[in-house]
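Q: quick one, fold the following:
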Amino acid sequence: MSETAQASRFRAREWALAQPWLRAHWFALGVGAVTLASAAFLFHQLLAWPPHEDEALPLFIGRHSLGDVFQVVLQERGGAPLHFLLAWAVAQLGLGLEGVRAASAFFAVASVPVVALLLARLGGPLRALAGTIVLAASWTFLFHGVYGRMYSLFLCTSALSYLALLRAVDRGGRGAWAVWVAAMLATVATHPYGALVFASQVAYVVVARRERLRAAGWAFGAVGVLGIPFWLTDLVLAGRFDAGVAGGSRL
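A: Take a look at the predicted model:
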């Protein structure tokens, strides 16, 4: 009986010591658990679904030289240069379908803590954890996390760009804005809808953070100029498929 009582007191003391730490780190622990669960599902399902034609095309193009890849993407096909660059690296390493799907799953998993941090900035940790769970459990996230297409990369880069924007408008400074420029260029290099992400963030600064508009001007201009190759690939894609942000516009 005395040993049982001692064990109970020991557990109670350990729990009392652990409570402050858990209260201080519950958000990080929750996000970590969601991230691990997402990784477990995505990598378990990595080869469970049949190949998709959108996975085969980047791998086929990736067998060529890097110069040929950029010529096809920038001048003939249009679309997502950064995605095709990653697919080229996978193809050159001989990793095949497993490699391109692993890259997609990696960026999907990486986007979970990024989205959690973004939501925490916008609505606090409790709402952020709830929103992160909704994201990770959504069929759209899980579907595109498995298939080796550009959407997981787009989620990760666009979420990073929003997080970097909030940091830049709060702190200011060329360093913070340079980080945002890099994240935004990665976003527009991943999907034509990166233009909508860029437009939404410019609109946010103009409407809600006008005091930062002068400081942000050079960053907006840098994205506009450095992103010219990506804007042109969007026009190439729109011209081929009547697709893109403008839905068939030739302008």
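Q: quick one, helices of the stretch 101-250 of the chain?
A: 125-137, 139-146, 151-171, 174-188, 194-208, 213-226, 228-241 (DSSP state H, counting those that start in this stretch).
Q: so who does Val188 touch?
A: Residues near Val188 by Cβ atoms under 8 Å, 6 or more residues apart in numbering: Gly194, Ala195, Val197, Phe198, Val223, Gly227, Phe230, Trp231. Every C-beta, even on glycine, is put in place using the N, C-alpha and C of the backbone.
Q: closest one of these to Pro20?
A: Checking the contacts of Val188 against Pro20 by Cβ to Cβ gives Val197 as the nearest, at 39.9 Å.
Q: give me the neighbour count for that closest one.
A: 22 (other Cβ atoms under 10 Å).
Q: pretty sure it contacts Leu160?
A: No: using Cβ atoms under 8 Å, Val197 and Leu160 do not qualify as a contacting pair, with a distance of 10.6 Å.
Q: joint contacts of the two?
A: Thr187.
Q: got a winner among the contacts of Val188 for most neighbours?
A: That'd be Gly194 among the contacts of Val188, by other Cβ under 10 Å, with 27 neighbours.
Q: what sits closest to it if chain neighbours are left out?
A: Val188 (3.5 Å; Cβ to Cβ, 6 or more residues apart in numbering).
Q: and the one you found, what pLDDT?
A: Reading off the confidence values, Val188 has pLDDT 94.
Q: gap between it and Gly79?
A: Distance of Val188 to Gly79, computed by Cβ to Cβ, to the nearest Å: 12 Å.
Q: same deal with Ala203?
A: Ala203 is 25 Å from Gly79, by Cβ to Cβ.
Q: who's more crowded, those two?
A: Applying other Cβ under 10 Å to Ala203 and Gly79 shows that Gly79 carries more neighbours, namely 24 against 10.
Q: pretty sure the more buried one sits against Pro192.
A: Yes: between Gly79 and Pro192 there is a contact under Cβ under 8 Å: 7.2 Å.
Q: residues shared between the contacts of the two?
A: Thr233, Asp234, Leu237.
Q: ok, and the most crowded of the residues you listed?
A: Thr233 leads the shared contacts of Gly79 and Pro192 on contacts (other Cβ under 10 Å) with 25 neighbours.
Q: tell me who's in contact with that residue.
A: Counted by Cβ under 8 Å, 6+ apart, Thr233 has contacts Val73, Leu74, Gly78, Gly79, Ala80, Pro81, Pro192.
Q: with Arg209 instead?
A: Counting by Cβ under 8 Å, 6+ apart, Arg209 touches Val169.
Q: and if you look at Asp68?
A: Ile61.
Q: report pLDDT for it.
A: 82.
Q: in terms of helices and strands, where is it?
A: helix 66-71 (DSSP states H and E).
Q: show me what counts as buried in that helix.
A: For helix 66-71, a neighbour-count test (16 or more other Cβ atoms under 10 Å) marks Val69, Phe70 as buried.
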